[in-house]
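Student: Output the structure for:
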Amino acid sequence: MLAASQEQPRPAEELLRVMRTIDDRIVHELNTTIPTASFVGKVDAQQTCKELYQSLMEAHESRERIIKNCIAQTSNVVKTLQEERKKTLEDIVLLKKLRKEQTKLKLMQSELNVEEVVNDRSWKVFNERCRAHYKPPKSQ
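Tutor: Have a look, this model is predicted:
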């Protein structure tokens, strides 16, 4: 975040950043523990892949739930501020607050797109490393 104002990350953004490191750790584990063909007998790749699959699913679901919850809460705040704004058109403080919440809402909505990219990358690595060892249930 090298914005001109050098803003500190918001709590939700910081939480998502920390939660996304889980994917990085799982990808690292996939790359370091799932054996290549020559080392197949030394690690239970099926069990490791199954555990990593479950970890990825849980991480992705919890992040998506948090993002959508933030979007819903911010949407409600924006709606309330818009209704107040209709009553008092000259209130500059209210207008600034509304604009700030609308910006926050757009940022949270863009986090869903970022989340999709992060998830796709993780699933790609998972599928590359585990396709020969573990077949996930059809829900993915």
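
Student: Can you name the residues that contact Cys49?
Tutor: Taking Cβ atoms under 8 Å, 6 or more residues apart in numbering, we find Cys49 in contact with 34, 126, 129-130, 133-134. (Each C-beta comes from the backbone N, C-alpha and C, glycine too.)

Student: could you redo the last one with a cut-off of 6 Å?
Tutor: With contact set as Cβ atoms under 6 Å, 6 or more residues apart in numbering, Cys49 has these partners: 130, 133-134.

Student: now swap in Val117 and tell me
Tutor: If you count contacts by Cβ under 6 Å, 6+ apart, Val117 has none.

Student: same deal with Ala59?
Tutor: With the criterion set at Cβ under 6 Å, 6+ apart, Ala59 makes contact with Ile22.

Student: phi, psi of it?
Tutor: According to degrees, to the nearest 10, the main-chain angles of Ala59 amount to phi -60, psi -50.

Student: mind starting the numbering at 45 from now?
Tutor: Right, with 45 as the first residue, what we last looked at is Ala103.

Student: distance of the residue lying closest to Arg107 once chain neighbours are set aside from Ile70?
Tutor: For Arg107, ignoring the flanking residues on the chain, the nearest one in space by Cβ to Cβ, 6 or more residues apart in numbering is Met63 at 5.1 Å. The span separating Met63 from Ile70 equals 12 Å under the rule Cβ to Cβ, to the nearest Å.

Student: residues touching the residue positioned nearest the centre of the chain, list them.
Tutor: Within the chain, one residue has its C-alpha closest to the average C-alpha position: by Cα atoms, centre = their mean, that is Glu159, at 4.0 Å. When the contact criterion is Cβ under 6 Å, 6+ apart, the partners of Glu159 are Arg107.

Student: hmm, try it at 7 Å
Tutor: The neighbourhood of Glu159, defined by Cβ atoms under 7 Å, 6 or more residues apart in numbering, consists of 107-108, 111.

Student: Show me the helices in this structure, by range?
Tutor: 55-77, 89-131, 136-174 (DSSP state H).

Student: Just tell me which of these ends up closest to Lys182.
Tutor: Between Lys182 and the helices of the chain, the tightest spacing by Cβ to Cβ is seen for helix 89-131, at 12.7 Å.

Student: orientation of the closest one relative to helix 136-174 in degrees?
Tutor: Helix 89-131 runs at 170 degrees relative to helix 136-174, counting by axes from the mean of the first three to the mean of the last three Cα atoms, to 10 degrees.
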